[in-house]
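K.L.:
got a predicted model here, sequence first, then my questions.
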2 protein chains.
Amino acid sequence: MSLPRRLLCVITDEHSDPVELARMALEGGAGMVQLRKKSASGRELFHWALRIQELCREREALFIVNDRVDIALAMTADGVHLGQQDMPASAARKLLGPDAIIGVSVSCATEAVKAAEEGANYIGVGHIFPTFSKNKPSEPLGTAAIRPIRNAAQLPVIAIGGIYHDNAAEVIRAGASGIAIISAVSESDDPADATRDLVKKIRQA
Amino acid sequence: MSLPRRLLCVITDEHSDPVELARMALEGGAGMVQLRKKSASGRELFHWALRIQELCREREALFIVNDRVDIALAMTADGVHLGQQDMPASAARKLLGPDAIIGVSVSCATEAVKAAEEGANYIGVGHIFPTFSKNKPSEPLGTAAIRPIRNAAQLPVIAIGGIYHDNAAEVIRAGASGIAIISAVSESDDPADATRDLVKKIRQA
Ligand code: NI
């Protein structure tokens, strides 16, 4: 399946209720929700995923699960997002079949080409800007890195890392098909409104 | 699939190389290996599982994966072991099909009956004796708990927790079909020999 253009993907964070966050992000018009909570048990993820899946279907938004291919399979979710430390995309593709969305996090062209060879549908490229969401000892890539990585892999790019309403348009103009957001939504006083604002910014970019 | 009787299941621990530990356990005659390492990434588990699966097949031993149904699916492993915080057994059964082995950790008859209803093939009952393998704030169940829990669930019991060569036979006589071992093998100076000794003890019980 191909990815919609100018997609806003909201990723759940470590300390919010993921179902509530998803509900607000969808209310704000997010086109994709990614369930990600590294500290959660399989059982927690399973029950959250059931509910987020339902919310996404009501809004005709895509729902993907970080890392856990089994949780995605159990929901018939739209797909998974895999980090470099997760199961290889080729193994996930075998389990999920040809129609699933499989995204892979990359930070350079080499990883991007490998993701494409292993059957990814998109690459998550980052971090673009400085970020405090995760421990990121490396330098930010900057928006100029987006186009060469995208061209190397021949896959749509979802850019991630330090993207807020004031720089979201710049990321799209630099060649990203979409943006993935954690803190700009989850840390906002009004996550639905923060999402709405970001959706508008990337549509107008 | 039904579980062999007098089964010794060796579970990998947090700090050994799981492939080396599996190799030694199989050399010592373990009938089942469970790959379990909570701190590992999906990618690490995937690569270890590929190698342990191969070793188990050479020895005609069973191979199951803790928690990660996706890793088990990717290997066509014999099954999974699920804790109370993992994906429900019913969801795992749907993903793995009717022939897979699904074990569920329980510590009382209520959990055991639920595991049976959800499609488990065996229950892991523990901890039987005091243990330092994991943080166990609760009191050990003792061997007298095995038979009532087994009878409630009508499933074979693999007993776990504080089982060593000097009490393994007692556990089998108390009604367990098998025992699961972590530290009695992994902490031994000679894991193959420790396994061999335990296999002998439960055969002679
Ligand atoms: Ni925060």
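P.N.:
On my side now, so go ahead. As the structure is a prediction and not an experimental result, all values here were calculated from the model.

K.L.:
could you use CA atoms for every contact and neighbour count after this?
P.N.:
Fine.

K.L.:
list the contacts of the closest residue to residue A:27 other than its chain neighbours.
P.N.:
Of all residues not flanking residue A:27 in the chain, residue A:192 sits nearest, at 5.8 Å (Cα to Cα, 6 or more residues apart in numbering or on different chains). Residues in contact with residue A:192 (Cα atoms under 8 Å, 6 or more residues apart in numbering or on different chains) are A:24, A:25, A:26, A:27, A:28, A:29, A:185.

K.L.:
may I see the PyMOL selection of the buried members of the residues you listed?
P.N.:
Buried residues among these (16 or more other Cα atoms under 10 Å in any protein chain shown), as a PyMOL selection:
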select buried, chain A and resi 24+25+26+27+28+29+185
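
K.L.:
filter the contacts of residue A:192 down to just the ones in helices.
P.N.:
Taking DSSP state H, the ones among these that sit in helices are A:24, A:25, A:26, A:27, A:185.

K.L.:
among those, which two are most distant?
P.N.:
With Cα to Cα as the measure, no two of those lie farther apart than A:27 and A:185, at 12.1 Å.

K.L.:
next, format the contacts of residue A:192 as JSON lines and append pLDDT.
P.N.:
As requested, the contacts of residue A:192 are arranged in JSON lines below (pLDDT from 0 to 100):
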{"residue": "A:24", "pLDDT": "97"}
{"residue": "A:25", "pLDDT": "97"}
{"residue": "A:26", "pLDDT": "98"}
{"residue": "A:27", "pLDDT": "98"}
{"residue": "A:28", "pLDDT": "97"}
{"residue": "A:29", "pLDDT": "97"}
{"residue": "A:185", "pLDDT": "91"}
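
K.L.:
can you name the element that comes right after the worst-scoring helix or strand of chain A on mean pLDDT?
P.N.:
Using mean pLDDT, DSSP states H and E, helix A:183-186 stands out as the lowest-scoring helix or strand of chain A, at a mean of 90. Counting by DSSP states H and E, the next helix or strand C-terminal to helix A:183-186 is helix A:191-203.

K.L.:
figure out how far that next one is from the centre of its chain.
P.N.:
In this view, helix A:191-203 has its centroid 15 Å away from the chain centroid, taken as Cα atoms, centre = their mean, to the nearest Å.

K.L.:
just the pLDDT at the most far-flung residue of chain A relative to its centre, thanks.
P.N.:
Here the centre of chain A is the reference, and by Cα atoms, centre = their mean the most remote residue is residue A:43, at 21.8 Å. Note on residue A:43: pLDDT of 97.

K.L.:
report the buried residues of the helix or strand hosting it.
P.N.:
Using DSSP H and E, residue A:43 falls within helix A:42-58. Across helix A:42-58, burial judged by 16+ other Cα under 10 Å covers A:42, A:43, A:45, A:46, A:48, A:49, A:50, A:51, A:52, A:53, A:55, A:56.

K.L.:
which residues sit against it?
P.N.:
The contact list for helix A:42-58, computed with Cα under 8 Å, 6+ apart, reads A:18-19, A:22-23, A:26, A:32-33, A:35, A:37, A:62-63, A:65, A:71, A:75, A:77, B:67, B:84-88.

K.L.:
now intersect the residues you listed with the helices, please.
P.N.:
Those of these mapping onto helices are A:18, A:19, A:22, A:23, A:26, A:71, A:75, per DSSP H.

K.L.:
okay, stretch A:174-190 in PDB with CA atoms only?
P.N.:
Provided in PDB are the C-alpha atoms of stretch A:174-190 (Å, rounded to 0.1, in the frame of the first residue of the first chain):
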ATOM      1  CA  ALA A 174      12.600  19.800   1.800                       C
ATOM      2  CA  GLY A 175      11.100  16.600   0.400                       C
ATOM      3  CA  ALA A 176       9.400  14.800   3.200                       C
ATOM      4  CA  SER A 177       6.000  13.100   2.400                       C
ATOM      5  CA  GLY A 178       5.000  13.500   6.000                       C
ATOM      6  CA  ILE A 179       6.100  14.200   9.500                       C
ATOM      7  CA  ALA A 180       6.000  12.200  12.700                       C
ATOM      8  CA  ILE A 181       5.400  14.000  15.900                       C
ATOM      9  CA  ILE A 182       5.700  13.000  19.500                       C
ATOM     10  CA  SER A 183       6.200  15.900  21.900                       C
ATOM     11  CA  ALA A 184       4.700  18.700  19.800                       C
ATOM     12  CA  VAL A 185       1.400  17.000  20.300                       C
ATOM     13  CA  SER A 186       1.700  15.000  23.600                       C
ATOM     14  CA  GLU A 187       3.300  17.900  25.500                       C
ATOM     15  CA  SER A 188       0.800  20.400  24.300                       C
ATOM     16  CA  ASP A 189      -1.900  21.800  26.500                       C
ATOM     17  CA  ASP A 190      -4.400  21.000  23.700                       C
END
